[in-house]
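*Asks:* Sequence unavailable; structure follows:
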């Protein structure tokens, strides 16, 4: 799968530690640039678990296409009926030549309203449709939105990892900093932590079933837990395909409103 969650966890580093063989900047860029194919498609089984252990199940499909330097992703909920047809489209752009970031363009279609609306930058840290993932998690976070530092090294399930900290440059950001554990060999994220404006732990991310599919490192189970509300979302990938044809019309705003993405 496209490593949209992992890319949301990392960004460029301005704080460099000389005690490590690689700088935070170098590690972050390698994570950001992990190959994810020219196209991908997959089905996702979502399980939402509340503080009382009650579960809700949802299913969605996701398509990805790289067109030039622009990365396009569209997500459509299939079940249950109350969310079926909700779709989200995002265009992620590379940073400018001068190093400044370019905000992604994002749109959401809500069938009950029969209209598409743009998702503003200020809403990117909001939870996505009742899950514990944010809109920002679904795209590619710019390398220039955070200051980065290496906090140390630690094993995760026997895997040697760097611990990277990303501090948001925007003082109004709902997620003030992210900490991620990055595999030293593959640059795949194994777990993460998210902190709120008061620097309190807000969410934890656990990544499981990490393997190569057609040569691309892919994580097929993600568990995001909001430790403040005791709510979690389990995200499981099925039918993952890379570099196979996808319908280019799926990535058009007009296709959302016409409910053409299947």
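*Replies:* Perfect, thanks for sending it. These numbers were taken from a predicted model, which means no experiment stands behind them.
*Asks:* Can you tell me, leaving aside adjacent residues, what's nearest to residue 203?
*Replies:* Using CB to CB, 6 or more residues apart in numbering and skipping the chain neighbours, the partner closest in space to residue 203 is residue 194 (4.2 Å). Quick note: C-beta positions are derived from backbone N, CA and C, even for glycine.
*Asks:* Contacts only, for the one you found.
*Replies:* Residues in contact with residue 194 (CB atoms under 8 Å, 6 or more residues apart in numbering) are 175, 177, 178, 201, 202, 203, 204, 205.
*Asks:* residues contacting the fifth one?
*Replies:* So the one you mean is residue 202. Residues in contact with residue 202 (CB under 8 Å, 6+ apart) are 175, 194, 195, 196, 226, 227, 228.
*Asks:* Does it lie in a helix or a strand, and which?
*Replies:* Element membership for residue 202, per DSSP states H and E: strand 201-213.
*Asks:* Repeat that for the third one.
*Replies:* If you go by DSSP H and E, residue 178 is part of strand 177-183.
*Asks:* after that strand, next one along is what?
*Replies:* strand 189-195.
*Asks:* Let me see the ranges of the strands in the stretch 101-250 of the chain.
*Replies:* For the stretch 101-250 of the chain, the strands defined by DSSP state E, counting those that start in this stretch cover 105-110, 115-118, 146-156, 159-168, 177-183, 189-195, 201-213, 216-226, 231-242.
*Asks:* which stretch among these comes nearest residue 31?
*Replies:* Residue 31 lies closest to strand 177-183 among those, at 5.9 Å (CB to CB).
*Asks:* Reformat the contacts of residue 202 as a markdown table; add pLDDT and distance to residue 101.
*Replies:* Output for these, formatted as a markdown table (pLDDT from 0 to 100; distance: CB to CB, whole Å):
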| residue | pLDDT | distance to residue 101 |
| --- | --- | --- |
| 175 | 93 | 16 |
| 194 | 97 | 20 |
| 195 | 97 | 21 |
| 196 | 96 | 22 |
| 226 | 98 | 27 |
| 227 | 98 | 29 |
| 228 | 98 | 28 |
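*Asks:* which among those residues end up buried?
*Replies:* Buried members of these, counted by 16 or more other CB atoms under 10 Å: 175, 194, 195, 196, 226.
*Asks:* Now distance to residue 31 too, for the residues you listed, in JSON lines please.
*Replies:* Shown next, in JSON lines, are those (distance: CB to CB, whole Å):
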{"residue": "175", "distance to residue 31": "17"}
{"residue": "194", "distance to residue 31": "16"}
{"residue": "195", "distance to residue 31": "19"}
{"residue": "196", "distance to residue 31": "23"}
{"residue": "226", "distance to residue 31": "24"}
